[in-house]
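A.B. asks: here is my input; please provide its structure:
(one chain, ligands or ions: 1)
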Amino acid sequence: MFAHEEVVIRAGVRTGLPIIIAVHSTVLGPAGGGCRVRHYADWRDGLADALRLSQAMTDKCAIAGLDTGGGKTVVALPEGYSFTPESRRDMLHDVADVVHSLRGRYATAPDVGTGPEDMAVIKERTPHVFCTPAEMGGSGDSSPATATGVMAALAAVCARLDKGAALDTAPLKGRRVGVLGLGHVGSHLVRRLAAEGADILAADVDRARRRLAGEVGATWLTPDELVEAELDILVPAAMGGLLTEELVPRLRCAAVAGPANNQITTPEVARLLHERGILWAPDDIVSAGGAIYAHAVELRHLAAEEANARVAEIAERLGAVLDLAEQDGVSPYFTVRELARTRLGR
Ligand code: NAD
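C.D. replies: Residues are numbered from 1 along each chain as shown. Predicted coordinates for the structure are as follows:
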């Protein structure tokens, strides 16, 4: 059976670029999900991303208790394609028109390759958009709230590594934490980890990020070195699909917890992590801070402080899932799938 409610693939009328919108589920409410603009060898790879990421968004919202469903936009750029300011604006208007044609069943937001300023351009043609800049009434850049959620999750992971100790006030002090990817979320993370006294190791394919690593006193490694380093916690903050059957046997960390979406490539990977005794914190929970914050501010009209308090609940939510998984003797991967299924009444 087809898992998605609706998938639209349209050539942008201005740019001819493939605009792909996957609406996975509106069972809990209108679907939300970011707009990813990046290069793909084949536009069908972009379609695969949209299908996978929209499904993950449904689970993320369901597990976070939000009354929104899961969707995703992907603009699949051919290799070597680059924008002028005009063509970028045209692409965003192309996206806006396709979003608008869904008549509120889906609203877009920033993702890899887009930001709040782009959402402002999309808003010129459709109201169905989150995270426009604060001066336009939106909640702005989601990455600080996503990082807040990750920090809450890391506190819960530390409590678990300390065999169920209460949440510490400085849980990351002296922990060896490896951050893979110093982009929007990763750069907030390394600053906050440094402020909490963590021993940070960092890597990014973009060597220009090394400067930030130096600023926060992190040890710079290559991505390959980082994933195989001896760590308390590996924090995937780059692209999805990091954890494979080939990589898991080479990991030397006690736990993996980070914002990258869809880290686990197959259920077998979850089983392998579990067998190796590596604690894996489901990215559906860890990465939800931005979505929770935007929902609280833009749909519930809560003040920033209250919205951040909702984001901080990620620590308890993750702790509860890790407890359940332990009781059942399974990877938390299966526990969250079950929770999402229950909430969605599947
Ligand atoms: P970003 O594009 O700003 O940063 C990603 C960083 O990873 C870049 O610096 C890039 O150079 C680096 N990178 C890419 N491939 C790499 C590789 N193979 N090895 C090492 N580094 C690599 O993205 P972001 O907004 O910081 O998001 C990071 C992850 O978190 C993504 O998977 C995203 O889907 C997820 N996420 C982000 C948010 C958010 O609010 N931004 C919310 C939920 C989930």
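A.B. asks: how near is the residue of the stretch 101-250 of the chain found nearest the ligand to residue 56?
C.D. replies: Closest residue of the stretch 101-250 of the chain to the ligand, C-beta to the nearest ligand atom: residue 183 (1.7 Å). No exception for glycine: its C-beta is placed from N, CA and C like everyone else's. For residue 183, the distance to residue 56 (C-beta to C-beta, to the nearest Å) stands at 18 Å.
A.B. asks: pick out whichever of those two has more residues nearby.
C.D. replies: Neighbours were counted for residue 183 and for residue 56 using other C-beta atoms under 10 Å; residue 56 has more, 21 against 17.
A.B. asks: counting contacts, what elements does the lengthiest helix in the chain pack onto?
C.D. replies: As assigned by DSSP state H, the longest helix anywhere in the chain is helix 43-63. If you count contacts as 3 or more C-beta pairs under 8 Å, 6 or more residues apart in numbering; DSSP states H and E, helix 43-63 packs onto strand 6-11, strand 18-25, strand 31-40, strand 69-78, helix 283-286, helix 289-294, helix 332-344.
A.B. asks: let's see it at 7 Å
C.D. replies: For helix 43-63, the elements it packs on are strand 18-25, strand 31-40, strand 69-78, helix 283-286, helix 332-344, judged by 3 or more C-beta pairs under 7 Å, 6 or more residues apart in numbering; DSSP states H and E.
A.B. asks: surely residue 291 is in contact with residue 58?
C.D. replies: No. Between residue 291 and residue 58 there is no contact, the gap being 11.4 Å when judged by C-beta atoms under 7 Å.
A.B. asks: neighbour count: those two, which is higher?
C.D. replies: residue 58 (30 against 27).
A.B. asks: how near is the nearest residue to that one once chain neighbours are set aside to the ligand?
C.D. replies: Leaving aside its chain neighbours, residue 58 sits nearest to residue 70 (3.0 Å; criterion: C-beta to C-beta, 6 or more residues apart in numbering). Look at residue 70 and the ligand: by C-beta to the nearest ligand atom, to the nearest Å, they are 13 Å apart.
A.B. asks: how about residue 13?
C.D. replies: Distance from residue 13 to the ligand, counting by C-beta to the nearest ligand atom: 28 Å.
A.B. asks: tell me the SS of that residue?
C.D. replies: Under DSSP: H, G, I helix; E, B strand; the rest coil, residue 13 falls in the coil class.
A.B. asks: before we move on, the earlier item: the longest helix of the chain near the ligand anywhere?
C.D. replies: No. Figure legend: helix 43-63 not in contact with the ligand (C-beta under 6 Å from any ligand atom); closest approach 7.6 Å.
A.B. asks: buried set for that helix?
C.D. replies: For helix 43-63, a neighbour-count test (16 or more other C-beta atoms under 10 Å) marks 43, 46-47, 49-63 as buried.
A.B. asks: could you do stretch 247-266 as well?
C.D. replies: 248, 251, 253-265.
A.B. asks: filter the residues you listed down to the ones in strands?
C.D. replies: 253-256 (DSSP state E).
A.B. asks: any chance of the residues you listed in TSV, plus pLDDT and distance to the ligand?
C.D. replies: TSV is the format used below for these (pLDDT from 0 to 100; distance: C-beta to the nearest ligand atom, whole Å):
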residue	pLDDT	distance to the ligand
253	98	16
254	98	21
255	98	17
256	98	14
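A.B. asks: kindly indicate which of those residues lies nearest residue 309.
C.D. replies: Of all these, residue 255 has the smallest distance to residue 309: 25.0 Å, by C-beta to C-beta.
A.B. asks: which residues does that closest one bridge with?
C.D. replies: residue 233, residue 279 (DSSP bridges).
A.B. asks: ok, it touching residue 277?
C.D. replies: No. Residue 255 is beyond contact range of residue 277, at 10.0 Å (criterion: C-beta under 7 Å).
A.B. asks: is residue 108 located within a strand, as I assumed?
C.D. replies: Yes. Looking at residue 108 with three-state DSSP, it is inside a strand.
A.B. asks: contact partners for it?
C.D. replies: 34-35, 73, 95, 99, 122, 128-129 (C-beta atoms under 7 Å, 6 or more residues apart in numbering).
A.B. asks: residue 289 now?
C.D. replies: By C-beta under 7 Å, 6+ apart, the contact set of residue 289 is 145-146, 148-150, 311, 314.
A.B. asks: could I get the phi/psi values of the closest residue to residue 170 other than its chain neighbours?
C.D. replies: Closest residue in space to residue 170, ignoring its immediate chain neighbours: residue 196 at 6.1 Å, by C-beta to C-beta, 6+ apart. With angles defined as degrees, to the nearest 10, residue 196 sits at phi -90, psi 0.
A.B. asks: I appreciate the help and will end here.
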